[in-house]
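[1] Have a look; sequence and predicted model below, questions after that.
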Amino acid sequence: MFETTTATPNASAAQQVGVTPPTPSDSVVEASHRRARQRIAAWFDRFAGERAAWRARNRYYYDEIECLAQATIPPGSRVLELGCGIGDLLAAVRPSFGVGVDLSEQMLKEARSRHARPASAIPAAGRAGQTGQVTRVGDGILVFVRGDAQELPLNTKFDYVICSDLLGHVNDIQALLDRLHAVCTPETKVLITYWNFAWQAVLSAAERFGLKMPQGQQNWLGMTDVDNILLLTDFATLQRGTSLLLPKPVPVLAPLFNRWIMRLPFLSLMGLATHWVVKPAAGRRQAEALRCTVIVPCRNEAGNIADCIDRLPDLGTHTEVIFVDGASTDGTRERILEQIAKHTGSRDIKLLDQVPDPHRPPPPECAPFAATTVASTISALWSAEGGRLPDGLPAAPATNGRGHNGKAGASEAAGRPGHAGMQTTQDAPVKMLRLGKGDAVRKGFAAASGDVLFILDADLTVPPEELPKFLEPIATGKADFVNGTRLVYPLEDEAMGFHRLLGNKFFSVVFTWLLGQPIKDTLCGTKVMRKRDYEVLAANRSYFGDFDPFGDFDILFGAARLGLRIVEVPVRYRRRTSGYSKVQVLEHGPLLLRMSLIGFRRLKLARWLGRSSQVRVPASPR
């Protein structure tokens, strides 16, 4: 899976580097990571021979990065550079012992060639036995290692770590920075540089016209995104800034723009080069032991139910999974009951009917939620839907239909997609219930027994394997509310249409202003909070009203009004492999705008007019 090649077979050098093999994994996430690693390695292998020429062509930018590194790192330090490329930046800081790690073997060959000295010029104590394998820079030694920066195949400590223009190519930035602690002492400083995302259009044009080296697909990182990930991974920021408003050495203009004009308030954030100097945060908190409940709203997601359970990791001290089925007609309910039976005694899985069927009682496995079938609930739903049950509720079967074992009778089977007598789901994609996903989430949260509540969409476009990342900020006190963001990493093909991407970015700007906290992705279905906070939010829901069929705005507005610390966790958004999206852009887009207007009136306008009401705290149960 992973080949690690040190720059020297010499035993003492290898001991200093401490190369260790990674642990292989066959998970969906790891398989994606392997593919991404192979793609990145191949890309940079392709351009390795041209890299030095590209650096020379854009010397002004790289000189700025080298000056920043030299101002941060004193000569004679132990330095690790991740994504070292051809090694010029690592050599420029003149370390006593420097290690460069890169995925591209061709880049490393260039690095060894550029920074090697003849073996006769290297004292015997520093020779590796092969010319150019261990190289000297002044009185220091450089070792170049082939490896994945995200897996860090090293077990030694460094004074400084450099991550220059690396984060855009990393498959999981949070995992990279988490593992970086293994090579840091409490006083280690990490220098991170990256290009400013505000320059994306300019840089894309420069690549198109052959003015800079092509970089391939990169992550979408603004400065607030990096700040957020540094918080999640326990790094404290010592210095942060931008430079190079004019990244070309134009006489008179370059000094004017880069030294003076970019000091203006707005322009100070517009420099091409962004940088952070950080160190491990003092006093990392131990995670609190918490019970977890994962709510999985689902409607016609039969093909994803087994994967959801198989791929869902154990969370906290106990994991409760509650499927809330929205009157599915494709066998989703049967698949859930199969998983309940299969995992009896090993996993805590429950089923809750969002829309109770008056023609059948719930099976015994659903006993904790039997109250949802009472006649008063059905009558209320009947009235709310204008004298009929909500869309998608199965009609009364001609026979007994379904027994307590959860198996469908012949009459009911004839009315399901894929059977005679009804259009298939492929011919007529199923829409979202009028009650909405938000109603399913509220019912699931009300039935949950865990200390921490998770929402996981049954389409699995956000991988279940990512959920431990959402628990950690809650359990360590970094956040009160964790929102997933799908807009940091590139999207899989067809995972999100262009119009939806634009809509998400628009609502990101709106919500950042409304909530007073950076929110990059309002409509990511994966959200996590403590149950005690949700109970306060639910007790005050009338302040905004029952306005949100999706549940995303309702929870975000409530969390902001309670003053909860909101942190976003970047996730890779996967292409749906089964079922259909229930969101209709033309139908739901205007609704999202109306909900944003409600947020403006309640979160901004009411405060400006002094009409904000006091938050009501529900009485604690005795």
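    Sure thing, it's come through.

[2] Now Ala302, what are its backbone angles?
    With angles defined as degrees, to the nearest 10, Ala302 shows backbone torsions of phi -60, psi -40.

[3] Isn't it up against Thr332?
    Yes - in this structure Ala302 lies within contact range of Thr332 using Cβ atoms under 8 Å: 4.5 Å. Bear in mind the C-beta positions are built from the backbone N, C-alpha and C, glycine included.

[4] hey, what's the nearest residue to Leu108 once chain neighbours are set aside bridged with?
    Distances taken as Cβ to Cβ, 6 or more residues apart in numbering put Phe144 closest to Leu108, at 4.8 Å, once the chain neighbours are dropped. Legend: beta-bridge partners of Phe144 under DSSP bridges are Gly100.

[5] what about Phe144, neighbour count?
    A count of neighbours around Phe144, defined by other Cβ atoms under 10 Å, yields 32.

[6] how far away is it from Leu80?
    Using Cβ to Cβ, to the nearest Å, we find Phe144 at a distance of 12 Å from Leu80.

[7] again with Trp608
    As judged by Cβ to Cβ, Trp608 and Leu80 stand 51 Å apart.

[8] In terms of neighbours, single out the busier of those two.
    Neighbours per residue (other Cβ under 10 Å) separate Trp608 from Leu80, with Leu80 holding more: 31 against 8.

[9] Could I get the contacting residues of that one?
    The contact partners of Leu80, taken as Cβ atoms under 8 Å, 6 or more residues apart in numbering, are Gly98, Val99, Gly100, Val101, Leu154, Phe158, Tyr160, Val161, Ile162, Val183.

[10] Would you check that the fifth one makes contact with Val99?
    Think Leu154. Yes - between Leu154 and Val99 a contact is recorded at 7.0 Å, counting by Cβ under 8 Å.

[11] who has more neighbours, those two?
    Using other Cβ under 10 Å as the criterion, Leu154 and Val99 rank with Val99 on top: 30 against 22.

[12] show me what contacts the more buried one?
    With the criterion set at Cβ under 8 Å, 6+ apart, Val99 makes contact with Val17, Val79, Leu80, Glu81, Leu142, Val143, Phe144, Val145, Leu154, Phe158.

[13] Compile these into TSV and extend it with columns for distance to Ile555.
    Below are the contacts of Val99 laid out as TSV (distance: Cβ to Cβ, whole Å):
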residue	distance to Ile555
Val17	47
Val79	45
Leu80	41
Glu81	42
Leu142	51
Val143	50
Phe144	48
Val145	45
Leu154	41
Phe158	42
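
[14] List the ones among the residues you listed that fall in strands.
    Those of the contacts of Val99 mapping onto strands are Val79, Leu80, Glu81, Leu142, Val143, Phe144, Val145, Phe158, per DSSP state E.

[15] Just flag the most distant two among those.
    Taking Cβ to Cβ as the measure, the ones in strands among the contacts of Val99 span a maximum distance of 15.0 Å, between Phe144 and Phe158.

[16] hey, where'd the strands end up in the stretch 451-600 of the chain?
    Using DSSP state E, counting those that start in this stretch, the strands of the stretch 451-600 of the chain run over 452-455, 481-485, 527-530, 566-570.
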